[in-house]
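My questions are about this predicted structure, shown below with the sequence.
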Amino acid sequence: MERVYQFAAGPAVMPQQALRRAAEEMLNWRGSGLSVMEMSHRSPAYQEIFDHTVSLLRDLMNIPEDYEVLLLQGGATGQFAAVPMNLLHTSADYVDSGNFAHVSMKEAQKYGAVRCIASSREENYRRVPAVDAAALDPKADYLYVTTNNTIYGTRLPALPESGNVPIVADMSSNILSEPCDVRRYGVIFAGAQKNIGPAGLTVVIVRRDLLGRARPETPNILNWTVMTEKGSMLNTPPTYAIYMAGLCLEWLRDEGGVEAIYQRNLRKAKLLYDYLDESRLFRPIAEKSSRSIMNVTFRTGSDALDAAFVKGAAAAGLLSLKGHRVAGGMRASIYNAMPEEGVKKLVDFMHKFEKNTVEA
Ligand SMILES: *Cc1c(COP(=O)(O)O)cnc(C)c1O
């Protein structure tokens, strides 16, 4: 089979430049005689790979010096527990904008008082709920948001003004997709498998003054302070995933960085949404003001037609367009590594499918 266009939500499409480079270096990393997979994580060669990945991420996101970058395991889901364990002592405010936000809030409830200050759950998360500044607790340990809701295809339109309360953000599905002022956040975390690299790596960016607050029962492996002291190597890190993430970040740098990819992402999303707004068959699911540029959700209104579309698209080399099981319909995840050509092919296929269906 030829290369296809992969619209999966994660693990997701990767830059071909990174995959090719990894293939070239698979058996012998730059004359070392070893595959990266075979290297000791304590070796100087591996430390160089690790540092390179961190430094690319710092450059691309303009991460200030007073923020630590941790490369961990356990996924975004691990951080759902790590966040309260590292920060929750009195009370935390959560914005319930999607399934992952909800799961994270439930996880935090195991560790202390959690307030849900805004929710769109009743509307099946079609939009990101508005956050009323008056609802925020000025004494909260943190305010928790999800910047992009992967399952529903919504994006937080604006970050709430939280005063001195640090904002903790799950950025799993839109990190590096658009410019982001890291200074506005206390903590940013993301599972890598959407927009950074392969699965197995979790990135945590934490402002240094938020370290040292972990609850005593926090496992070392989830303890940001311990992990900072150990340079993310308390134990064996996901060595190969970190290397691959580095190759993906090199690609992003070569493409012109975050601002350049953002412009491309806007064009890709516009192509799809413009078509969806006009279509006689497909309807966009997310409310306009909350639309994500990374995950685009839509449906026909008929489960049978949805299924026929997903099947037909797969046969045409457009893969994984089925929506998440809790949301239904379709979802096209168009992360950084999805070329514009892939989105054009998808829209062409949708046109054809619409024509055949509406005129049949
Ligand atoms: C995918 C995703 C998660 C879950 O990530 P894991 O790495 O599988 O734990 C959490 N939050 C968001 C926003 C996601 O997109």
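That came through fine. Numbers count the residues shown, from 1 in each chain.

so how far is Q79 from G191?
Between G191 and Q79 the distance is 8 Å, computed by CB to CB, to the nearest Å. C-beta here means a position set from N, CA and C on the backbone, and glycine is covered the same way.

Can you pull the residues that touch both of those two?
By the contact definition CB atoms under 8 Å, 6 or more residues apart in numbering, G191 and Q79 are jointly contacted by T202.

And for V165, the neighbour number?
Neighbours of V165 under the rule other CB atoms under 10 Å: 19.

for D59, that is, sorry about that
There are 13 residues near D59, going by other CB under 10 Å.

ok, now L19?
Other residues close to L19 by other CB under 10 Å number 16.

quick one: contacts for L234?
Each residue near L234 by CB under 8 Å, 6+ apart is listed here: N220, I221, V226, M227.

Just want the phi and psi numbers for it.
phi -60, psi -40 (degrees, to the nearest 10).

Over to P44?
phi -60, psi -40.

how distant is stretch 194-201 from the center of its chain?
For stretch 194-201, the separation from the chain centroid amounts to 9 Å (computed by CA atoms, centre = their mean, to the nearest Å).

Which positions in it come out as buried?
K194, N195, I196, G197, P198, A199, G200, L201 (16 or more other CB atoms under 10 Å).

Please apply the same query to stretch 49-66.
I49, F50, H52, T53, V54, L56, L57, R58, L60, M61, I63.

quick check: mean pLDDT across it?
For stretch 49-66, the mean pLDDT works out to 98.

got it, and stretch 260-279?
The average pLDDT within stretch 260-279 is 98.

Contacts for it next, please.
Residues from elsewhere that reach stretch 260-279, judged by CB under 8 Å, 6+ apart: 176-179, 252, 255, 282-284, 291-294, 296, 298, 332, 334, 336, 338, 340, 343-344, 346-347, 350-351, 354.

thinking again about what came up before, from the buried residues of stretch 194-201, which land in strands?
Among the buried residues of stretch 194-201, none falls in strands (DSSP state E).

Greatest separation within those residues: which pair is it?
Spanning the widest gap among the buried residues of stretch 194-201 are N195 and G200, at 14.8 Å by CB to CB.

What ranges does the chain have for its strands?
5-6, 67-72, 91-96, 113-119, 143-146, 148-149, 154-155, 167-170, 187-191, 202-207, 283-284, 295-299, 318-319, 330-333.

For the second one, which helices and strands make contact with it?
When you say that, I think you mean strand 67-72. Contacts defined by 3 or more CB pairs under 8 Å, 6 or more residues apart in numbering; DSSP states H and E place strand 67-72 against helix 44-61, strand 202-207, helix 224-229.

Quick one: closest of the ones you listed to the ligand.
In terms of CB to the nearest ligand atom, the element of those nearest to the ligand is strand 202-207, at 6.4 Å.

what angle separates that closest one from helix 44-61?
Put simply, strand 202-207 runs at 60 degrees to helix 44-61, going by axes from the mean of the first three to the mean of the last three CA atoms, to 10 degrees.

Which elements pack onto strand 202-207?
strand 67-72, helix 75-87, strand 187-191, helix 224-229.

tell me the most buried of these?
Compared across these, strand 187-191 shows the largest average neighbour count, a mean of 26 (mean count of other CB atoms under 10 Å).

What is it packed up against?
helix 75-87, strand 167-170, strand 202-207.

So in that sheet, which strands flank it, and in what orientation?
strand 167-170 (parallel), strand 202-207 (antiparallel) (DSSP bridges).

chain center to the last one: distance?
Averaging C-alpha positions (CA atoms, centre = their mean) puts strand 202-207 13 Å from its chain's average.

what angle sits between it and helix 75-87?
Using the same axes, to 10 degrees: strand 202-207 against helix 75-87 is 30 degrees.

quick one: which of the helices and strands packed on strand 202-207 is nearest Q109?
Using CB to CB, the helices and strands packed on strand 202-207 put helix 75-87 closest to Q109, at 8.4 Å.

Who are the packing partners of that closest one?
helix 99-109, strand 167-170, strand 187-191, strand 202-207, helix 224-229.
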